[in-house]
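**Student:** What follows is a predicted structure for the sequence shown.
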Amino acid sequence: MSAGPRGVVHRLGELRRLVRYGVAGAASAATHLGVLFVLVEVVGVVPVAASTVGFLCSVAVSYTLQKRWVFASTTATRVALPRFLAVTGVGLLLNAGIMAAGTAWAQGHYALVQLVALVAIPISNYLLNSLWTFR
């Protein structure tokens, strides 16, 4: 059974949005990882704290790209930004939890543990942002 032209157009639009989300996520992740590595390797900050600072620095990059480019949202900033920050707060807690569990309890290298977090967090963030933040 065919989805028809409308179904195909909808799926292509969703695919385009997912690709854009991936590009925006890569820019956000580069910001996060850049700050993380500088703080750990140059400044000597402990990995969990450095990762938290890196995460916070990536928020501005992520919000701007997601609102304007990924979701092309017309939701007012006064509505979207608090929602985005709530979703980001959930992501921050998830990130800190994964970093703490992976580095302290599992004794994993901070870079490898951060990569695990950078896979888990975008999935939840995409769902929450597409269904709530930018609606």
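**Tutor:** Ah, there it is.

**Student:** so how far is Tyr63 from the residue nearest to Tyr110 when sequence neighbours are not counted?
**Tutor:** Leaving out its chain neighbours, the residue that sits closest to Tyr110 by CB to CB, 6 or more residues apart in numbering is Pro47, at 3.7 Å. To be clear about C-beta, it is placed using only N, CA and C from the backbone, and glycine gets the same treatment. Pro47 sits 25 Å away from Tyr63, going by CB to CB, to the nearest Å.

**Student:** Can you name the residues that contact the residue sitting nearest the centre point of the chain?
**Tutor:** Centroid-nearest residue in the chain, with CA atoms, centre = their mean: Pro122, separated by 4.5 Å. Taking CB atoms under 8 Å, 6 or more residues apart in numbering, we find Pro122 in contact with Tyr21, Gly25.

**Student:** What is the three-state secondary structure of it?
**Tutor:** Three-state call for Pro122 (DSSP: H, G, I helix; E, B strand; the rest coil): helix.

**Student:** and it, how far is that from Leu18?
**Tutor:** 11 Å.

**Student:** likewise Lys67?
**Tutor:** Lys67 is 16 Å from Leu18, by CB to CB.

**Student:** Mind checking which of the two has more residues around it?
**Tutor:** Lys67 (21 against 13; other CB atoms under 10 Å).

**Student:** for that one, what are its contacts?
**Tutor:** Lys67 touches Ser73, Thr75, Thr77, Ala80, Phe84, Phe134, counting by CB under 8 Å, 6+ apart.

**Student:** now the residues you listed in JSON lines, with neighbour count?
**Tutor:** Shown next, in JSON lines, are the contacts of Lys67 (neighbours: other CB atoms under 10 Å):
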{"residue": "Ser73", "neighbour count": "19"}
{"residue": "Thr75", "neighbour count": "15"}
{"residue": "Thr77", "neighbour count": "11"}
{"residue": "Ala80", "neighbour count": "21"}
{"residue": "Phe84", "neighbour count": "24"}
{"residue": "Phe134", "neighbour count": "19"}
